[in-house]
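**Q** Attaching a predicted model along with its sequence, questions to come.
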Amino acid sequence: MLDHLTLMSLDALLIAVFFSFLWKRDRHERWPYFWKVFAALLLGAVALGWLMYPFPRG
Amino acid sequence: MPEAGGPRETRLGRRLPLPVLMLLAWLVPGLGHLLLGRRLRAAIFCAVIVVAFAVGLTFDGELILPHAGDPLSYLAAIASIGNGVLFFVARHFGLGQGVVTAAGYEYGNTFLLTAGMMNLLLILDTHDIGVGKKDW
């Protein structure tokens, strides 16, 4: 069983690759876009986790 | 700069009506792009979607079908069926039933739904290329 961060990173990686090839024409545009999407997904998830931290479940 | 070698639309891709191309794009991830000559992108899209789908099944995710009285399940079903032939093959072999108690269940669902939604976006991209709105 992979840990949460690894699975989240794998999902972010696949999505970032997908969108960089979907939206960007060539590799010079794709790389910066890939890193932007990848970082946004990872950091966004971590930030959201921190924001939700004060709210108890149930 | 376009893909190496430039887009080379296949003869079949030229002959097929756009709705058929879109149907094929849905059935087999990347096939629409392949027929329209976008070979590199077809291969990448196919690989990404198949990997996401396989990871989803490995982690006991569920290929969600509509449940009466659960409106969100209809949206999830659209995403699941968006996987095209992968969905039907997995269902045929009894995969993707979902093990709610499994540790990876939610992750599995996330990967399966992500794969389906990405494939649905490919249908729209195939349309845009087919009508000439996107020339690469």
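**A** Right, received. Where do you want to start? Numbering: from 1, shown residues only, chains lettered A, B, ... in the order given.
**Q** Check the average confidence over whichever helix in chain A runs longest, would you?
**A** Assignment by DSSP state H gives helix A:27-52 as the longest helix of chain A. What helix A:27-52 shows for mean pLDDT is 96.
**Q** what's the most centrally placed residue in chain B in contact with, if anything?
**A** Nearest to the mean C-alpha position of chain B, by C-alpha atoms, centre = their mean, lies B:Asn119 at 2.7 Å. Contacts for B:Asn119 (C-beta atoms under 8 Å, 6 or more residues apart in numbering or on different chains) come out as B:Ala25, B:Trp26, B:Pro29, B:Ile49, B:Gly82, B:Asn83, B:Gly84. In this view, the C-beta of every residue, glycine as well, is placed from N, C-alpha and C.
**Q** The first one reaches B:Thr126, doesn't it?
**A** Yes: taking C-beta atoms under 8 Å as the contact criterion, B:Ala25 and B:Thr126 are neighbours in contact, 4.1 Å apart.
**Q** Mutual contacts of these two, please.
**A** In contact with both B:Ala25 and B:Thr126: B:Gly32, B:His33, using C-beta under 8 Å, 6+ apart.
**Q** between those two, who's got more neighbours?
**A** Neighbour totals were compared for B:Ala25 and B:Thr126, and B:Ala25 leads with 29 against 26 (other C-beta atoms under 10 Å in any protein chain shown).
**Q** Could you report the pLDDT at the residue lying closest to the more buried one once chain neighbours are set aside?
**A** Of all residues not flanking B:Ala25 in the chain, B:Gly32 sits nearest, at 2.7 Å (C-beta to C-beta, 6 or more residues apart in numbering or on different chains). What the model reports for B:Gly32 is a pLDDT of 97.
**Q** ditto for the one 10 residues further on
**A** B:Ala42 carries a pLDDT value of 97.
**Q** mind checking how far whichever residue of chain A sits closest to chain B is from B:Gly130?
**A** Nearest residue of chain A to chain B (C-beta to the nearest C-beta) works out as A:Asp26 at 4.2 Å. From A:Asp26 across to B:Gly130, the span is 21 Å (C-beta to C-beta, to the nearest Å).
**Q** Those two - which one has more neighbours?
**A** B:Gly130 (21 against 11).
**Q** and the residue most central in space within chain A, what is it in contact with?
**A** With distances taken as C-alpha atoms, centre = their mean, A:Leu41 lies nearest the centre of chain A, 2.5 Å away. By C-beta under 8 Å, 6+ apart, the contact set of A:Leu41 is A:Met8, A:Asp11, A:Ala12, A:Ile15, A:Ala16.
**Q** Let me know whether the helix or strand hosting the last one sits next to chain B.
**A** In this assignment (DSSP states H and E), A:Ala16 forms part of helix A:4-23. Yes: if you take C-beta under 8 Å from any C-beta of the partner chain as the test, helix A:4-23 does meet chain B, through A:Leu7, A:Leu10, A:Asp11, A:Leu14, A:Ile15, A:Val17, A:Phe18, A:Phe21, A:Leu22.
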